[in-house]
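# Next come a sequence and a model predicted from it.
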Amino acid sequence: MPLPSQPLRKLGFLTIGLFDGADPRRGHESTLEIIELGERLGFDSAWVRHRHLQYGISSPVAVLAAASQRTHRIELGTAVTPLGWENPLRLAEDLATVDILSGGRLNPGVSVGPPMHYDQVKQALYPDTSDSEDFGYDRVARLLDLVRGKPATDFSGVEGFEVFSDRVQPHSPGLGRRMWYGGGSLNSARWAGEHGMNLLTSSVVKAEGEEEREGDAGAPRDFAGIQLSHVREFRAHHPD
């Protein structure tokens, strides 16, 4: 956020994409119309939230694929997709596909941690592996590697009339630079920077004792001070 005397470089908006369970099409159509309106009004980006087993967008990738065909300029993002619900390989394929369809306008934001209400959904989500699933940073690292074109298998070549690739297809070269991490702690900000991601910060931040030593002398330990410490930690560890 620039100083009040400086203009914003970009401005985007976030929508939850709520719908009536009795008429879900109307709600989804409304979300698409909002994104179209945002482009006409000159917004730079539109972001959707990810909601599972709720009356909100459960499949942002599908919604943004539709939005990509109804817009031409506005960037499209997720804030955020909780990776605990996702298979990184399949998600990498979906993200690359939508990025290709949008002409390179996708900004996928992700987060880590176990799915919300995990004890209630784990049997439906991971019936055979619920106790061994890894919901930490390694899950993001796997997704990043796959999106950025690292091999997913040691097999490639021709089998009959089918041609196989050893990496995720389609490959969208610029997508790896447009991956975002939704973090609320110093450790998350540092990890995102070290792995060349962008940082999504919000009203959800974690107050940590370490931040009192890292902030400006005499700065209040309030929301702005905590968030600023995360931004500084991120920038200090990002290769750019």
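Nice, thanks for sending it over. Numbering: from 1, shown residues only.
# Remind me what the host helix or strand of Arg235 packs against, helices and strands.
Following DSSP states H and E, one finds Arg235 within helix 223-237. Helix 223-237 is packed against helix 186-194, strand 198-200, helix 210-214, with contacts defined by 3 or more C-beta pairs under 8 Å, 6 or more residues apart in numbering; DSSP states H and E. For the C-beta atoms, the positions are set from N, CA and C on the backbone; glycine is no exception.
# Give me the mean pLDDT for that helix.
The predicted model gives helix 223-237 an average pLDDT of 94.
# ok, and what's touching stretch 180-193?
77, 79-80, 107-111, 137, 140, 195, 197-202, 204-206, 208, 210-211, 214, 229-231, 233-238 (C-beta atoms under 8 Å, 6 or more residues apart in numbering).
# Domain-wise, how is this protein divided?
12-178, 189-207+221-239 (the TED database).
# Adding mean neighbour count, write those domains out as CSV.
Supplementary listing: those in CSV, determined by neighbours: other C-beta atoms under 10 Å:
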stretch, mean neighbour count
domain 12-178, 16
domain 189-207+221-239, 17
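# Of all the ones you listed, which one comes closest to Ser5?
When the domains of the chain are ranked by proximity to Ser5, the top entry is domain 189-207+221-239, at 17.3 Å, counting by C-beta to C-beta.
# chain center to the host helix or strand of Leu144: distance?
Counting by DSSP H and E, the secondary-structure element that holds Leu144 is helix 137-147. Offset of helix 137-147 from its chain centre (C-alpha atoms, centre = their mean, to the nearest Å): 12 Å.
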